[in-house]
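Q: Prediction below, plus the sequence it came from.
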Amino acid sequence: MVKSLMYFVVGTLISFFLRRITGSPLDFWVELYVASAFGIGWGLAYFVDHPDWPLPKKMGISFIGIIFLVVLGLIRFDFETAISSIIKFSTVFVAYYMIASFRESKSLRY
């Protein structure tokens, strides 16, 4: 759990600073929200990376992450910002497992 939180923080910080450096800076809170979608995706992907967990449990936890992002995005920001954060979350989540699929253990945790 601690490593998952570390991946969340590191992923959020990397994404936030890369967005601030490479793009035209938007509102601070929008940038932080979109960067946190990257961090949440990376942290949750690491958290559910247990070979003994069934797929429905893994997908249920990732669905909770998506619901959290949607609710927060719709309450605080507009619809387009909420959808873009879901796309970023899903891209990071799938990329994590695509990279893990090249390993013999099919996991980046072990």
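A: Received it, and whenever you're ready, just let me know what you need.

Q: alpha carbons only for contacts and neighbour counts from here, please
A: Fine.

Q: This protein: helices as residue ranges?
A: 2-22, 28-47, 55-76, 79-100 (DSSP state H).

Q: any idea which of those helices is most buried?
A: helix 28-47 (a mean of 23; mean count of other C-alpha atoms under 10 Å).

Q: Show which residues not belonging to that one make contact with it.
A: 1, 3-13, 15-16, 19-20, 25, 61-62, 65, 69, 73, 77, 81, 84-86, 88-90, 92-93, 96-97, 108-109 (C-alpha atoms under 8 Å, 6 or more residues apart in numbering).

Q: Just give the nearest non-adjacent residue to the residue nearest in space to the middle of the chain, would you?
A: Centroid-nearest residue in the chain: residue 41, 1.5 Å away (criterion: C-alpha atoms, centre = their mean). Among residues not flanking residue 41 along the chain, residue 89 sits closest, at 4.7 Å (C-alpha to C-alpha, 6 or more residues apart in numbering).
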